[in-house]
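Peer 1: Fold the following for me, if possible:
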Amino acid sequence: MVKRRASHEVDTPPHAVTLRAKIVRLRGVAGRPLITARRAAKLLACGVALSVTGAALAGVADTTVCVPGGELPTVNPAIFDTASPPAREIEGMAWLVMGICAGIFVVVEGLLVYSIVKFRRKSGEQGEPVQLYGSNPIELAWTIVPLLIVFTLGLVTIRVIRDIERTEPPAGALQVTAIGHQWWWEYRYPDPAAPGAEIVVANELCVPVGRPVWLRLESADVIHSWWVPALSGKTDLVPNQTNHLWFSADRAGLYLGQCAEYCGNQHAGMLLRVNAVETANFDAWLAAQAKPPVMDDGVAHGRNLFLQLACSTCHAVQGLSDGAFAPDLTHLASRQTIASGMVPLTRDNLRAWLDDPQAMKPQCNMPSLKLDDDELDALTDYLLTLK
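Peer 2: As a prediction, the model looks like this:
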């Protein structure tokens with residue numbers, strides 16, 4: 001119970017003197033408050049409007065923007081348009097946390113507005129208002145309620161982590177090794193036609209709809225982080241350590257992501273693309289990726305340039321070169337993009353990339369070979385036959 005005493009009966013503690021001086025300074029000229037009830041209400045309304053608008057915009061962007069082979073996406077990934085069980089778990093937890101925070105915001109701001117309106121200085125009032133010190137019920141409330149909230153969120157977090165951070169792959173999962181490089185992605189699929197062999201692709205991960213995918217995450221250099229918001233949470237790729245992540249795409253389409261751990265100058269250009277296709281299409285795609293590259297005699301000059309220049313030192317082409325420092329090019333022309341998802345794969349873009357990679361992706365690890373126009377055309381024509 002709060003005991004009320006008149007202001008002249010209060011034994012003011014020393015720290016209250018300083019606080020009182022600050023309050024007096026805030027009252028403004030002639031005792032008029034600097035922040036009126038009307039102004040406070042307007043500020044509160046603006047804050048609520050901005051919060052609601054921000055939350056709405058967070059869920060507007062559509063992550064599934066096109067099917068494989070369609071136009072490149074022009075929107076950003078969104079965590080509130082999920083298409084996989086782990087992502088839905090994270091989304092549900094996010095809504096719970098935002099709901100609790102919204103409730104706290106409404107209660108606190110409501111009490112604040114009520115206090116501003118109810119206890120503001122009235123015209124003609126003089127002297128100090130009644131001073132209150134301590135309230136056991138209030139102190140118990142603001143101790144017990146936060147404890148209950150934190151306890152609830154802790155239990156929910158533990159359950160979500162248990163569900164999404166599995167130690168064993170789901171039954172029937174497609175197991176793929178994902179390796180992060182500065183600044184591109186390497187994926188290694190088991191070859192169903194040759195047990196123990198692997199099918200290597202770069203930058204664009206293709207998965208079957210409805211089948212769990214178990215990613216073995218490794219890094220070839222620095223720490224990276226694999227994050228496609230519509231499919232799963234973030235998981236780091238750490239040198240000399242293996243992590244795992246799983247997801248299962250519910251519907252066909254292109255899902256976008258981003259390396260979520262700063263990994264150097266081109267971190268922002270280390271994009272993620274996951275093409276989810278029907279099982280029959282995936283099986284056909286994987287079988288095509290396992291085949292040797294096309295050997296077209298019409299582009300022999302370009303192929304010879306590839307072998308004579310530094311290209312074959314870094315890039316692998318099945319049966320032709322075994323470079324391991326840059327993306328595998330065996331079926332380059334079957335991809336939608338180059339430069340780790342930054343640029344659509346067209347003849348003009350590929351030629352410009354070969355001419356000066358630094359112009360498209362500054363400080364990337366691929367040098368310009370200073371080729372003349374004829375050499376650029378020949379090398380571009382050869383690479384476009386690698387379908």
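Peer 1: Need the contact partners of stretch 146-159.
Peer 2: Stretch 146-159 is contacted by residues 93, 96-97, 100, 104 when judged by CB atoms under 8 Å, 6 or more residues apart in numbering. In this view, the C-beta of every residue, glycine as well, is placed from N, C-alpha and C.
Peer 1: which among the residues you listed gets closest to residue 175?
Peer 2: Nearest to residue 175 among these: residue 93, at 27.0 Å, using CB to CB.
Peer 1: The closest one contacts residue 163, doesn't it?
Peer 2: No - Residue 93 is not in contact with residue 163 according to CB atoms under 8 Å; the separation is 10.3 Å.
Peer 1: does residue 232 sit in a helix, a strand or a coil?
Peer 2: coil (DSSP: H, G, I helix; E, B strand; the rest coil).
Peer 1: okay, now it: neighbour count?
Peer 2: For residue 232, the neighbour count with other CB atoms under 10 Å is 26.
Peer 1: One more: the one 10 residues further on?
Peer 2: Taking other CB under 10 Å as the criterion, the count of residues near residue 242 is 11.
Peer 1: Could you measure from it over to residue 77?
Peer 2: For residue 242, the distance to residue 77 equals 25 Å [CB to CB, to the nearest Å].
Peer 1: Pull the contacting residues for the spatially closest residue to residue 85 that is not a sequence neighbour.
Peer 2: Leaving aside its sequence neighbours, residue 85 sits nearest to residue 248 (CB to CB, 6 or more residues apart in numbering; 6.0 Å). Shown in contact with residue 248 (CB under 8 Å, 6+ apart): 84-85, 170, 210-213.
Peer 1: Kindly indicate which of the residues you listed lies nearest residue 228.
Peer 2: For the contacts of residue 248, the residue nearest residue 228 by CB to CB is residue 84; the value is 8.6 Å.
Peer 1: pLDDT value on the residue nearest to residue 85, please?
Peer 2: Predicted confidence (pLDDT) for residue 248: 95.
Peer 1: Equivalent analysis for residue 172, please.
Peer 2: 92.
Peer 1: that older thread, from the contacts of stretch 146-159, which single one is nearest residue 369?
Peer 2: Checking the contacts of stretch 146-159 against residue 369 by CB to CB gives residue 93 as the nearest, at 49.7 Å.
Peer 1: which helices and strands sit right next to the helix or strand hosting that closest one?
Peer 2: If you go by DSSP states H and E, residue 93 is part of helix 85-118. Using 3 or more CB pairs under 8 Å, 6 or more residues apart in numbering; DSSP states H and E as the contact test, the elements touching helix 85-118 are helix 37-58, helix 136-164, strand 243-247.
Peer 1: Work out the sheet partners of the next helix or strand after the longest one and label each with its direction, please.
Peer 2: Taking DSSP H and E as the definition, the helix or strand that follows helix 136-164 towards the C-terminus is strand 174-181. Each strand that pairs with strand 174-181, with its direction, by DSSP bridges: strand 184-190 (antiparallel), strand 213-219 (parallel).
Peer 1: Same question for the first one: list its buried residues.
Peer 2: Within strand 184-190, the residues scored as buried using 16 or more other CB atoms under 10 Å are 184-189.
Peer 1: ok, and what's touching stretch 288-297?
Peer 2: Stretch 288-297 is contacted by residues 189, 191, 193-194, 199, 201, 317-320, 330-331, 334, 382, 385-387 when judged by CB under 8 Å, 6+ apart.
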